[in-house]
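A.B. asks: Structure here, sequence nowhere to be found:
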């Protein structure tokens, strides 16, 4: 992409991360610190630093100038570290409880020093282990409504919104989504990755022009429709949980896009988890999904009536129209996410982790079918509770 | 808007404009120059400078830090001069024949030295005088198709498009449109300006919630839908013509917005001219309108097939869907333009210049009715030729 590496940038190691933490004054020079790189990541280092005596800990997250997933050959802008910390700071204004606290940001080293959440569990992992997180619908529904409403033309002065949008222009990270979510899975591309047993299903997608027209329209919304500051990658791997707390992390894909994209990605990842379970165990996940939507809608409605800056907000039916549009977009984007997580480059452990071949293939086939149905039937589904998994 | 005046800025006079033209080397220090400020303008000075001996001439267009229309009390960013010259330079890549040549730009003085078009006539004035400009449909249809296609995600690398969009963030000028086109005319606002005889018609608009919901949706498209680099103010007063040549000037409102906005504003201003004429004389204007659309569509189709960078471009029906969406948007935006030019702050001479009170009021009433119909019926009009003026 031709974005040059910043002068002065170097990759931290566990040793230099400790030095950095001391030199920036976060810990005393004499402090005894332990450091571990805990990133699962293909894009970043995540250093967990703990002071032995006090137990005080921080995270240093550093962006790498390439995507590890395909080796060093895929360069990736370091500016995403700035995007991420800026986004966390914006979201902290509206949902301080649901984002990690940013201590400070170093644009040269493309790193952010932030609250240590290593006591938290990644929601995807927790769900796969069969844990229940009853606060999720309330927390994520509220997170979505507040971050998306308050950064939109309904919740933010429309001139300030344009200036803010300008600071979140994020071409390289958006391109990853444009390619890996909206394009490659619908064409016979090298980036795709699926089991031989799915070939017939996949070819049916590739040759379905009615489906592809709808995906083209959704992709165009992603490319052009700057409604709100999105997280941009809001799957269940971007959510940290405990029994009581929820933190949405990693908004390095943040940009001004369609509201339904964040909502839809989250819903899709709950659906992917549900599909990984026996039918008899799916109900709680689907309940979470429905409740997340209900909390989103109710919170959005309250914000609309109480904090709207748009004079047309009180016009009869404008709120209903807006919510209907968000739902339809969300369902469409969820459909794309289901398909790409099944046959595209980046899979989910929920499905890939099913050990029995027959069960796994059946679940993936169902994910493809559900994805297709959501995309094609999005105008006719008036609430997520009417989503039929089979 | 709180944008500070740039250090070093001063307003040129006819005398200092001559000095400027010499000091910047455009003319010899010894040249005998005549200078006249010829702006009609409420926002800018336009100095016409001619060297007596050679007849060589230039235009210096300087942005003023306020809107004259309401006195010095309405400050307006000088950055619009940079936006305008940048937009002219972008458009010149695609339609060099249809924009004035920019010689150079001075960001401190917020001025652009450009090709002298003082031999040209403003299209609106020419139409009001009853002149015919047979090249207009070909020229404007081509201008619209090329500038809008090549700056969209269909005609431009999608990453470059995002960077380009970032350089055309234009909150203050967009706000003028948001207020004066999309909001104020539909509410009882002080900025509105209409004759007492129209009060009943105007109140019918203000109380029409079905209409206002559609206007709200159109405004939202204007606020959020960054499809292409728009001119942003493409009425017949922004078009210079001779019998053979057409130049689209003044893109200081340029920003990334919905394609239909440029198309619709131009169509609306032809409709306003048609409505100012006796019915028996309207046909040629309506022919121009229909042909402009046809040229736009045919050129856009050719560009789509030959220069599209979007893999989905060849999906069955995507082009048709896109053109249908552009038409519907154009009709809706045209409807807003008809209404705001009749009862909002900025009128058009086509209608205001009708001397006979009864005829003028009737024409304005018709403009309001047509505007409302276009907004409400936009999904059902499949070609501009089906627009019914009465």
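C.D. replies: Right, received. Where do you want to start? Bear in mind that the values here come from a model prediction, so they are computed numbers and not experimental data.
A.B. asks: Tell me where the stretch 51-200 of chain A is predicted with low confidence.
C.D. replies: Along the stretch 51-200 of chain A, segments meeting pLDDT under 70 span A:68-73.
A.B. asks: near chain B, which residues of it?
C.D. replies: A:153, A:158-160, A:162-163, A:165-166, A:169-172, A:174-175, A:178, A:183, A:187 (Cβ under 8 Å from any Cβ of the partner chain). From N, CA and C alone the C-beta is placed, and that goes for glycine too.
A.B. asks: Which of those fall in helices?
C.D. replies: A:158-160, A:162-163, A:165-166, A:171-172, A:174-175 (DSSP state H).
A.B. asks: are any of those buried, and which?
C.D. replies: By neighbour count, with 16 or more other Cβ atoms under 10 Å in any protein chain shown, these hold A:158-159, A:162, A:165, A:171-172, A:174-175 as buried.
A.B. asks: Can you lay out the residues you listed as TSV showing distance to residue B:327?
C.D. replies: Listed next are these as TSV, based on distance: Cβ to Cβ, whole Å:
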residue	distance to residue B:327
A:158	27
A:159	30
A:162	27
A:165	27
A:171	30
A:172	34
A:174	28
A:175	30
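A.B. asks: how many other residues sit next to the closest residue to residue A:98 other than its chain neighbours?
C.D. replies: Of all residues not flanking residue A:98 in the chain, residue A:143 sits nearest, at 4.5 Å (Cβ to Cβ, 6 or more residues apart in numbering or on different chains). Residue A:143 is flanked by 28 other residues according to other Cβ atoms under 10 Å in any protein chain shown.
A.B. asks: mind checking which helix or strand residue A:143 is in?
C.D. replies: Residue A:143 belongs to helix A:136-150 when assigned by DSSP states H and E.
A.B. asks: Touching that helix from outside, list them.
C.D. replies: Contacting residues not belonging to helix A:136-150 are listed as A:90-91, A:93-95, A:97-98, A:123, A:155-156, A:227-231, A:234, A:239, A:241, A:246, A:248, A:259, A:262-263, A:266, A:288, A:291-300, A:303-304, A:307 [Cβ atoms under 8 Å, 6 or more residues apart in numbering or on different chains].
A.B. asks: Surely residue A:327 and residue A:260 touch.
C.D. replies: Yes: assessed by Cβ atoms under 8 Å, residue A:327 is found in contact with residue A:260 at 7.4 Å.
A.B. asks: the helices in the stretch 151-300 of chain A, which residues?
C.D. replies: Using DSSP state H, counting those that start in this stretch, the helices of the stretch 151-300 of chain A run over A:158-167, A:171-177, A:199-206, A:209-224, A:259-275, A:283-307.
A.B. asks: re the thing from before, mind listing what's buried along the helix holding residue A:143?
C.D. replies: A:136-137, A:139-150.
A.B. asks: Likewise for stretch A:122-129?
C.D. replies: Under the neighbour-count criterion of 16+ other Cβ under 10 Å, stretch A:122-129 has A:122-124, A:126-128 buried.
A.B. asks: For that stretch, what is the distance to the chain centroid?
C.D. replies: 15 Å (Cα atoms, centre = their mean, to the nearest Å).
A.B. asks: what about residue A:59, is that helix, strand or coil?
C.D. replies: Under DSSP: H, G, I helix; E, B strand; the rest coil, the three-state class of residue A:59 is strand.
A.B. asks: Would you mind naming the residues that bridge with it?
C.D. replies: Beta-bridge partners for residue A:59, by DSSP bridges, are residue A:48, residue A:114.
A.B. asks: Enumerate the residues of the stretch 251-390 of chain A near chain B.
C.D. replies: Counting by Cβ under 8 Å from any Cβ, the residues of the stretch 251-390 of chain A close to chain B are A:310-312, A:315-318, A:321.
A.B. asks: show me the contacts for residue A:332.
C.D. replies: Residues near residue A:332 by Cβ under 8 Å, 6+ apart: A:214, A:217-218, A:260, A:264, A:374-375, A:378.
A.B. asks: Kindly confirm my reading that it is in a helix.
C.D. replies: Yes: counting by three-state DSSP, one finds residue A:332 located in a helix.
A.B. asks: For it, report the pLDDT, please.
C.D. replies: pLDDT recorded at residue A:332 is 98.
A.B. asks: Strands of the stretch 1-150 of chain A, residue ranges please.
C.D. replies: Along the stretch 1-150 of chain A, counting by DSSP state E, counting those that start in this stretch, strands occupy A:33-37, A:44-51, A:57-63, A:102-106, A:111-115, A:121-122.
A.B. asks: Turn those into a markdown table, including distance to residue B:203.
C.D. replies: Below are those laid out as a markdown table (distance: least, Cβ to Cβ, whole Å):
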| stretch | distance to residue B:203 |
| --- | --- |
| strand A:33-37 | 68 |
| strand A:44-51 | 59 |
| strand A:57-63 | 58 |
| strand A:102-106 | 52 |
| strand A:111-115 | 56 |
| strand A:121-122 | 58 |
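A.B. asks: Report the beta-bridge partners for residue A:35.
C.D. replies: Beta-bridge partners, per DSSP bridges, of residue A:35: residue A:49.
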